[in-house]
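Student: Pasted the sequence and its predicted model underneath.
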Amino acid sequence: MIFLFKHKWNRRIVRVVSFYFLLSTLLLCIALIPETEFTTGIGIMLYLSYIILTCIALIIILVNVLRYSKDIQEHTMTLILLILNCPISMLYLYFIND
């Protein structure tokens, strides 16, 4: 899927979003086996770092849209992947805390 993105920053954002998705899924699987407060704390820290990263990535995407407005479809796909990971992470945190 990474070959769909020709701009360097969009590829980097998609890779980081994929990494956070895999990391949060792995954390959910670990948390479901033995429920501890440690995994909940790591999950919350992971989610907070993702929020900070999302803010930075949104600024980068906005700059890319302004610079390369002809590739709006690529920037929109990057934005959708970035925003879609946020509710998934919140759902994982909800499952961990139950």
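Tutor: That came through, no problem.
Student: residues of the helix or strand encompassing residue 46 that come out buried?
Tutor: Assigned by DSSP states H and E, residue 46 belongs to helix 37-67. Of the residues in helix 37-67, 39, 42-43, 46-47, 50, 53-54, 57, 60-61, 64-65 count as buried by neighbour count, 16 or more other Cβ atoms under 10 Å. Every residue, glycine included, has its C-beta placed from N, CA and C.
Student: the inter-axis angle of the helix-or-strand element of the chain with minimal mean pLDDT versus helix 37-67?
Tutor: In the chain, no helix or strand scores lower on mean pLDDT, DSSP states H and E than helix 72-97, which sits at a mean of 81. With axes from the mean of the first three to the mean of the last three Cα atoms, to 10 degrees as the basis, helix 72-97 and helix 37-67 are set at 170 degrees to each other.
Student: Now helix 72-97: buried residues?
Tutor: Going by neighbour count (16+ other Cβ under 10 Å), the buried part of helix 72-97 is 74, 75, 77, 78, 79, 81, 82, 85, 89, 92, 93, 96.
Student: List the contacts of the closest residue to the fifth one other than its chain neighbours.
Tutor: Nearest in space to residue 79, with sequence neighbours left out and distances taken as Cβ to Cβ, 6 or more residues apart in numbering, is residue 61 at 5.5 Å. Contacts for residue 61 (Cβ atoms under 8 Å, 6 or more residues apart in numbering) come out as 9, 10, 13, 75, 78, 79, 82.
Student: Got phi/psi on the closest residue to the fifth one other than its chain neighbours?
Tutor: Pointing back at residue 78 there. The shortest distance from residue 78 to any non-neighbouring residue, by Cβ to Cβ, 6+ apart, is to residue 10 (4.5 Å). When read as degrees, to the nearest 10, the backbone of residue 10 gives phi -70, psi -40.
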